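Enquirer: Here is my input, please return the structure:
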Amino acid sequence: MSVETYSTNPRELIDTITVSDAALEHFRRLLKKNAKKGVRISLKEAGCTGFKYVIEEVDNPHDGDTTRKLADDVELYVETGCLAAIKGLSIDLTQMGLNKNLVMNNPNVKDECGCGESFSV
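Expert: Below you'll find the predicted structure:
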């Protein structure tokens with residue numbers, strides 16, 4: 001039997017989020033193109049299952065965001081209230097044909113809608 005511990009410390013929770021090299025390079029290009037400083041992740045109530053990710057390029061974190069430097073030129077800002085729901089999130093950039101898509105693999109997701117647009121935790 002194993003025992004898992006749960007942290008509510010925002011610094012520890014944001015450190016569980018991983019970003020692949022491909023996704024980091026994608027963010028880097030977007031931030032440079034749009035003259036922004038960081039990528040912000042939050043959740044929004046939407047769809048038939050509950051939540052969807054909101055990813056935006058911003059100049060500064062919003063009040064209450066937890067921040068983490070991904071690289072010298074890329075910062076990650078996460079709405080602190082969302083951290084428990086996205087603990088362990090991995091972000092990757094995949095390519096199918098000519099299309100590139102960010103793929104969010106969230107181990108906390110309990111259910112997803114059929115189109116993959118929304119999820120519940």
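Enquirer: Quick check: the spatially most central residue of the chain vs residue 68, distance?
Expert: By CA atoms, centre = their mean, the chain has its centre lying nearest to residue 41, at 4.9 Å. Between residue 41 and residue 68 the computed distance is 11 Å (CB to CB, to the nearest Å). (Glycine included, C-beta is placed from N, CA and C.)
Enquirer: Next: residue 95.
Expert: 26 Å.
Enquirer: between those two, who's got more neighbours?
Expert: Under the criterion of other CB atoms under 10 Å, the comparison of residue 95 against residue 68 puts residue 68 first, with 16 against 9.
Enquirer: Summarise which helices and strands the longest helix along the chain is packed against.
Expert: Using DSSP state H to define each element, the chain has its longest helix at helix 21-34. Under the contact criterion of 3 or more CB pairs under 8 Å, 6 or more residues apart in numbering; DSSP states H and E, helix 21-34 touches strand 38-46, strand 50-58, strand 65-71, strand 74-79, strand 90-96, strand 99-105.
Enquirer: Can I get it as PDB, trimmed to CA atoms?
Expert: Coordinates of each C-alpha in helix 21-34 appear next as PDB, following Å, rounded to 0.1, in the frame of the first residue of the first chain:
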ATOM      1  CA  ASP A  21      10.500  21.400 -25.700                       C
ATOM      2  CA  ALA A  22       8.200  21.700 -28.700                       C
ATOM      3  CA  ALA A  23       5.500  23.500 -26.700                       C
ATOM      4  CA  LEU A  24       8.200  25.800 -25.100                       C
ATOM      5  CA  GLU A  25       9.500  26.700 -28.500                       C
ATOM      6  CA  HIS A  26       5.900  27.400 -29.700                       C
ATOM      7  CA  PHE A  27       5.300  29.700 -26.700                       C
ATOM      8  CA  ARG A  28       8.600  31.400 -27.300                       C
ATOM      9  CA  ARG A  29       7.600  32.200 -31.000                       C
ATOM     10  CA  LEU A  30       4.200  33.400 -30.000                       C
ATOM     11  CA  LEU A  31       5.500  35.700 -27.200                       C
ATOM     12  CA  LYS A  32       8.200  37.200 -29.500                       C
ATOM     13  CA  LYS A  33       5.700  37.700 -32.300                       C
ATOM     14  CA  ASN A  34       3.200  39.400 -30.000                       C
END
